[in-house]
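# I'd like to go over a predicted model; first the sequence, then the structure.
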Amino acid sequence: MLLRGHYIVIQWEQDNPGIWLLHCHIAWHLSGGMGWMVLERPDDFFNNENISNAMSQT
């Protein structure tokens, strides 16, 4: 549990270009805004020719 006024630092090696969802696994937490998207290595992601047009515009 995170106390009011405190924070969490998350670190990981960004070696997998893409859009990734980080979230709590409790559905009502996710619907309450306890989830966020991370765009990892955006230049590599948007320059990838194998990405569908719909996904590259997301």
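In hand now; what should we look at? These figures come from a predicted structure and were not determined experimentally.
# This protein: strands as residue ranges?
Ranges of strands in the chain, per DSSP state E, are 18-23, 35-40.
# Report pLDDT for residue 5.
For residue 5, the pLDDT comes out at 93.
# count of neighbours near residue 5?
By other C-beta atoms under 10 Å, the residues close to residue 5 number 5. For glycine as for every other residue, the C-beta is placed from the backbone atoms N, C-alpha and C.
# Let me have the strands of the chain in TSV, extended by mean pLDDT, distance to residue 10 and mean neighbour count.
Formatted as TSV, those follow (pLDDT from 0 to 100; distance: least, C-beta to C-beta, whole Å; neighbours: other C-beta atoms under 10 Å):
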stretch	mean pLDDT	distance to residue 10	mean neighbour count
strand 18-23	83	8	12
strand 35-40	86	9	12
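# Of the ones you listed, which is nearest residue 48?
strand 18-23 (9.0 Å; C-beta to C-beta).
# quick one: strands adjacent to that closest one?
Using DSSP bridges, the strands paired with strand 18-23 are strand 35-40 (antiparallel).
# Give me the residues contacting the strand it pairs with.
14, 16, 17, 18, 19, 20, 21, 22, 23, 24, 29, 45 (C-beta atoms under 8 Å, 6 or more residues apart in numbering).
# if we can go back for a sec, between the strands of the chain, which one is closest to residue 7.
Smallest distance to residue 7 across the strands of the chain (C-beta to C-beta): 13.8 Å, for strand 35-40.
# Return the alpha-carbon coordinates of stretch 8-19 using CSV.
C-alpha atoms of stretch 8-19 as CSV (Å, rounded to 0.1, in the frame of the first residue of the first chain):
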residue,chain,number,x,y,z
ILE,A,8,7.0,4.5,-6.1
VAL,A,9,9.9,4.4,-8.6
ILE,A,10,9.9,1.7,-11.3
GLN,A,11,12.9,0.9,-13.4
TRP,A,12,13.3,-1.6,-16.2
GLU,A,13,15.5,-2.1,-19.3
GLN,A,14,13.7,-0.6,-22.3
ASP,A,15,14.6,-3.1,-24.9
ASN,A,16,11.2,-4.1,-26.3
PRO,A,17,9.6,-1.3,-28.5
GLY,A,18,5.8,-1.0,-28.2
ILE,A,19,2.9,0.3,-26.2
